[in-house]
Every structure is written in C-alpha cells, then in structure tokens.
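>>> A predicted structure for the sequence below; I have some questions about it.
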There are 2 protein chains.
Amino acid sequence: MNLFRHITLDREAEEMLHAGLPPEVQLIAANGADPEERQFERFSECEIAFGNIPASWLSRSAALRWLQLESVGFEAYNGALAEFGRRGVLTNLHGFFGQPVAESALAGIMALKRGIDRLTLLKERQEWEGSTLRPQLGLLQGAKTLIAGGGNIGHSIRKLLSGFDAEILIYDRHPERGDLSTTDAFDGELPSADVVIACLPENEASKHFFNERRFALMPPSALFVNVGRGGVVDEPALIKRLKEGQIAGAVLDVSCTEPLPHGHELWNCPNTVITQHTGGGSKGEQTGKVAVFLDNLSRYIAGQPLKRIVTAG
Amino acid sequence: MNLFRHITLDREAEEMLHAGLPPEVQLIAANGADPEERQFERFSECEIAFGNIPASWLSRSAALRWLQLESVGFEAYNGALAEFGRRGVLTNLHGFFGQPVAESALAGIMALKRGIDRLTLLKERQEWEGSTLRPQLGLLQGAKTLIAGGGNIGHSIRKLLSGFDAEILIYDRHPERGDLSTTDAFDGELPSADVVIACLPENEASKHFFNERRFALMPPSALFVNVGRGGVVDEPALIKRLKEGQIAGAVLDVSCTEPLPHGHELWNCPNTVITQHTGGGSKGEQTGKVAVFLDNLSRYIAGQPLKRIVTAG
C-alpha cells in the first residue's frame, strides 16, 4: 500500500519513519519543488497520508482511506469530512501538545511574575537594577487561576500547578470536563482571578469569547494567557487594556495574524510575552509525531481501530 | 523600651509597623543622613533593633537584647555572636524567602527550557522566528533535578515541581534534610542530571562546591542554577563552560560580585538568565518582614521564646 508523506521531518525523525515502515508500505514523499497538481497526482494513488495535505485534496482523494494529521486542529478539513468519513478515517494529534503548551504557558506566567522578561533586556544592556525590581515582582503561589477549556492543555496546566497551592477552576461547556459549565459561572469568577488562561478550541461559541466585557470583569492585577486559538480573543480589546494598564500582562502563544508582521501593535504591548506559536514545540516533537503515526500504522495494518479519530462536528 | 529601626520600608510597611507597635515601645529611626557614629549613639540606647545594623555595632551594644535581621544570612555577625549571645538574642528571616526564591529559580529554568529569553529579545526587534525555535525548546517534565542544600529554598523548589513528574534528589550533609548526605553520592548523580540547583549556605564546606570537577561531571544538556550564595560557585569555571557550550545554560540569582559591573563576563554568557539577586523579592516583601518582626515583638514583650533564633556556629 502507498503512503503519501506531507510533513517536513528532521533527519532523526526521517530515519525513524523509514526504519518503522513495514515492507508492504511504499513511501511516496511530497516534493515541495513540484507544482501542487503534480503532487496531487502522486497523492491520489495513496491509501494513507501523513501530514496536513491541502484541504481541497480531501474530497478529491478516491484512494485515500486514512489521513494522519500533524496537528490537533482539523478545522480546515471540516467541509469535506462528512463525505470523506464514508470511505476513510481522519486522525489528529489530540493530546500531543498538552505538556509543551502547558509548560510554555507556565513559563510565560512565571516570567511576568518574576521579571524574567525585564531581566533579559537588562542583561542585553548589562544594567543592574536588582533592588528597584524586587517590589515589582509577584508570586504565583496561591493564585486563583481560571482556565477556559477543559481539554488536554487545560488539564496539563492544572497538573503543573499542583505545587503552587493555587485555586484552579476549569470552565468547559461539557460539565464532565471542568468545574464550571456555564458562562455565567465563569464570568462570576473573573473579578477575583489572578490568572486567566484561554485554551478553548475555535468554534462558533468560542469566537471572541474574550471580548471587552470579559476583560473588563478581570481585575487590573490579572494576567491573561492565550494558548488556544487567536480567534477566541477580541485582539483590539486586549491590546487596549494592555496599553492602558487595565490588565497586568499577557502571555500569547497565538494571535489573529501569524506570523505577526513588523509594526503590529502586539509587539509594543507592555508586560506581554509573545511565544510565537512555539508552545507545542520541543526537541522531541518530530520523532514524537512519527511515533504516533507508526503506532496508528501498525493498528491500521492489523485492522484495529485507530487512535485519535476525529469526526465531522 | 527603645526600638532602633535600621531597615528601609515603603509607606505601606512603615504604616504597618507604626500601627503595630505597642505603646511601651519607642521607635528610634536610623537617619541615613547622619554620620555612622551619631547613628550608633542613638542605637546604643536601644534594647531592640530591627534591620541589618553595621556588624561592628553588635559587640559594642551594651543595651541591646534582641536584634531582628531582615535577611536569612547572618555571616557578618558571626564574630560577635558568641559574646552577644550571653546577653541577647539574634533572629533572622529563616524561611521567609523560600517561596519567592524557588519561584524565581523555576521561572528561570522554564524560561531557558521554553525560550522565553530568546522570545523576549525577538519581541524587542519585532522579529518572528516561531518554527525555527520550536525544535530548540525543551521540556521540564520528567527532568532529573539535583538540589544541593536541604533548607527552605530547596524544599520549596521540590514542592513547586510536584506536578512535573520530575525525579528530585536533595543533597544535604545533614541526612534528615535530604536524600543524599555524602558528596560521593551527590557526584554520582551529576552525570545523569537534567537540572542542578545550588541553594547551599556559605561556609567552609560549601566554598567553590561547584568547581571545575563537578561542572565536568554534568552532561552538556544540563542547566545549572544558583540561588544560594555566589561563593559556592567557582565562577570562572562556570563562565568557561557556558561560553564553550559544555553546559546548556544557567540561572544565576547570585554572583561573586554584586552588582555585576558593566563589562563583566557573566553578562555575555549565552543561555544565562541573571536575576540580579531579586529572587527574594515580591510586592509583599516589606510588609512581610514587618509582620515577622511584630510577631516576634509580641513574643518578646510577653517573655515568650522568639522565632527564628540563630546561634554562633
């Protein structure tokens, strides 16, 4: 059977993929230099694909039986998913990025609390400010932390905070995934929050969930974190509050425009850590993706159910 | 009874001190504008002192019965302590800085693991590097963490790491304070360490504890953290290893020279977070110190044993 590879891998991950393929699987690699139609021809002969193919290919893929994405998000494929679901299966990387994203969120929060961003700039200028900085620092211990989104990332953050004596409340509209299941309950906690973390998926209900009204409910001492999707935040409202000091700071792994262009207002927001959508990254990211794929491949060949199947919402 | 105040307080802490003094206590404040001998005259009439007075005063303080330091360290007073101990008592802030210092240590470690230092500089330049940074990031999850020093800071760090599935080993020569009580046992763990944290007190045994030999035992992937005392590190040896990439990075709250002068080699070390002895700082630091003092003051007046008494080693 033919496998179409549409993912860029470093050498270690590449070797791992080659070494892990059983003899009956023929690897057909995407060649970035080819025009898309030439690539599509190669893809259209494949039963399996690994990587985020152009979304338009999914409905035109008569031979395809399984597509393993290299992301959690699969919004781009929603249009063709119901139809594709009759002949094949789509799997994603659900849960794969929970730990690295949670660590980036906490790294950003702690940087703002303990002044690591300011100290980094002082180091560049070789300037010692020590004692003037001390009274400006905060502690995360005991922080009331609201997490919007009870998925893997939200629960990973809760786990990382185990040793901080923090009061943690997770909001998710599915009651079994969190502590608060209504927006009213969530809004009621915002005025006493120390840290508010967005890790909502992008959908109709979450679009601009963090709007001017909700930001206004947070105290000026609160930190806001977005490690979910750019679209869940009304970005101009956030920028205004940061620039006017009505919120203490922000950690943003995602934004509405990525990459952020030079001159974008977010670059100039004070007390803001911009992690440039690196939250899911780590040294082991690519080999980890290959491991997920190879595990599913052995299931596919054995006729067992695949892991991390996603279906049309 | 007279109380000599030798500590700089912000307005909130100042008001808290005034409001908390019982009527029988007369506050005599140090006046920084006065020459030291004039100040000493005022001090010499006092039964109680709050703050780190010049060390030479301790042996000349016939009236003094209790000195509350505003630090954990009391090395400067060691010379006069045995003699003073016959007529008075010295208390310090043991444990007071454990949580903030532990949070700064973790903030620095996570910054290096998740690239917050590099992302901060990119934000200054409004440059997006996102995907090229991802494979350079590390995770703290599961990190083997060696902590040298089983005092309050070391145990606070262990607690903060509760949610990281980390293997944590504390070295302390007093077996009841840690997991490893011999330097041989400690050295044996260094080659497999991911993070090595120094929070040793300064004494004969700890001077240059982290020397060239011990740094050479650490793998090049290890991070080194010093939140104890500058003197426990052979600084030129550390600088050499950082510059040559034989160690992955460092978080330094303390150094042999403070403030670090412009041009000092540490400023130029790569992958190094210099927290400028701010580790103990926080918004509530000064009111917290006053709270410790007032608590001890009420014990002193009631003739009860004081908290955090230190004695000559």
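Cool, the structure landed. Numbering: from 1, shown residues only, chains lettered A, B, ... in the order given.
>>> Spell out, range by range, the strands that occur in the stretch 51-200 of chain A.
Under the criterion DSSP state E, counting those that start in this stretch, the stretch 51-200 of chain A carries strands at the ranges A:66-68, A:89-91, A:144-148, A:167-171, A:195-198.
>>> Deepest in the core, which of the ones you listed is it.
strand A:195-198 (a mean of 28; mean count of other CB atoms under 10 Å in any protein chain shown). In this view, the C-beta of every residue, glycine as well, is placed from N, C-alpha and C.
>>> got the buried residues for the helix or strand that that strand is followed by?
Following strand A:195-198 in sequence order, the next helix or strand is helix A:212-217 (DSSP states H and E). Under the neighbour-count criterion of 16 or more other CB atoms under 10 Å in any protein chain shown, helix A:212-217 has A:R214, A:F215, A:L217 buried.
>>> Run through chain A and note the low-pLDDT ranges.
A:313 (pLDDT under 70).
>>> Quick one: the helices in it, in order.
A:11-20, A:36-43, A:78-84, A:98-114, A:116-125, A:130-133, A:152-160, A:183-189, A:212-217, A:235-243, A:285-301 (DSSP state H).
>>> just to revisit the earlier point, which one among the buried residues of helix A:212-217 gets closest to chain B?
A:F215 (21.2 Å; CB to the nearest CB).
>>> Next up, the contacts around A:T120.
The neighbours of A:T120, taking CB atoms under 8 Å, 6 or more residues apart in numbering or on different chains as the test, are B:A111, B:I116, B:D117, B:T120, B:L121, B:V273.
>>> how about a cut-off of 10 Å?
Contact analysis of A:T120 by CB atoms under 10 Å, 6 or more residues apart in numbering or on different chains lists A:A111, B:A111, B:I116, B:D117, B:R118, B:L119, B:T120, B:L121, B:K123, B:E124, B:V273, B:I274.
>>> For A:R87, see how far away the first one is.
With the distance defined as CB to CB, to the nearest Å, A:A111 ends up 48 Å from A:R87.
>>> Can you give me the domain boundaries for chain A?
Listed by automatic domain parsing, the domain ranges of chain A are A:2-96+A:283-310, A:98-274.
>>> Now whichever residue of the stretch 51-200 of chain A sits closest to chain B: closest residue in space that isn't a chain neighbour?
Closest to chain B within the stretch 51-200 of chain A is A:R134: 2.7 Å, counting by CB to the nearest CB. Closest residue in space to A:R134, ignoring its immediate chain neighbours: B:G281 at 2.7 Å, by CB to CB, 6 or more residues apart in numbering or on different chains.
>>> who are the neighbours in contact with the one you found?
Contacts of B:G281 (CB under 10 Å, 6+ apart): A:114-115, A:130-139, B:97, B:100-101, B:104, B:275.
>>> now swap in A:S56 and tell me
A:E36, A:F40, A:A76, A:Y77, A:G79, A:A80.
>>> Count the neighbours of the first one for me.
Other residues within reach of A:E36, judged by other CB atoms under 10 Å in any protein chain shown, total 12.
>>> dump the residue contacts of the residue nearest to it when sequence neighbours are not counted.
Leaving aside its chain neighbours, A:E36 sits nearest to A:P54 (6.7 Å; criterion: CB to CB, 6+ apart). When contacts are counted by CB under 10 Å, 6+ apart, A:P54 touches A:H6, A:E36, A:Q39, A:F40, A:F43, A:R60, A:A76.
>>> What of A:T132?
Contacts of A:T132 by CB under 10 Å, 6+ apart are B:Q276, B:T278, B:G281.
>>> Residues in a beta bridge with the residue lying closest to A:L180 once chain neighbours are set aside, which ones?
Nearest residue to A:L180, sequence neighbours excluded (CB to CB, 6+ apart): A:Y171, at 4.3 Å. A:Y171 has the following beta-bridge partners by DSSP bridges: A:A148, A:L180.
>>> A:Y171 contacts A:A193, correct?
No. If you go by CB atoms under 10 Å, A:Y171 and A:A193 don't touch, sitting 11.1 Å apart.
>>> which neighbours do the two share?
A:L146, A:F186.
>>> how about the nearest residue to A:C269, chain neighbours excluded?
A:L242 (4.1 Å).
>>> burial count for the one you found?
For A:L242, the count of nearby residues is 23 (other CB under 10 Å).
>>> Kindly report the same for A:P236.
Counted with other CB under 10 Å, A:P236 comes out at 11.
>>> Then A:G20?
15.
>>> residues in contact with it?
A:V290, A:A291, A:F293, A:L294, A:D295, A:L297, A:S298.
>>> Check the residues you listed for burial and list the buried ones.
Applying 16+ other CB under 10 Å to the contacts of A:G20 flags A:V290, A:A291, A:F293, A:L294, A:L297 as buried.
>>> The first one reaches A:L93, doesn't it?
Spelled out, that is A:V290. No. Counting by CB under 10 Å, A:V290 does not reach A:L93; the two are 11.5 Å apart.
>>> Give the residues shared as contacts by those two.
Contacts common to A:V290 and A:L93, judged by CB under 10 Å, 6+ apart, are A:E70.
>>> Compute the distance between A:I274 and chain B, please.
A:I274 sits 5 Å away from chain B, taking CB to the nearest CB, to the nearest Å as the criterion.
>>> show me which of the buried ones among the contacts of A:G20 neighbour chain B.
Among the buried ones among the contacts of A:G20, no residue lies close to chain B (CB under 10 Å from any CB of the partner chain).
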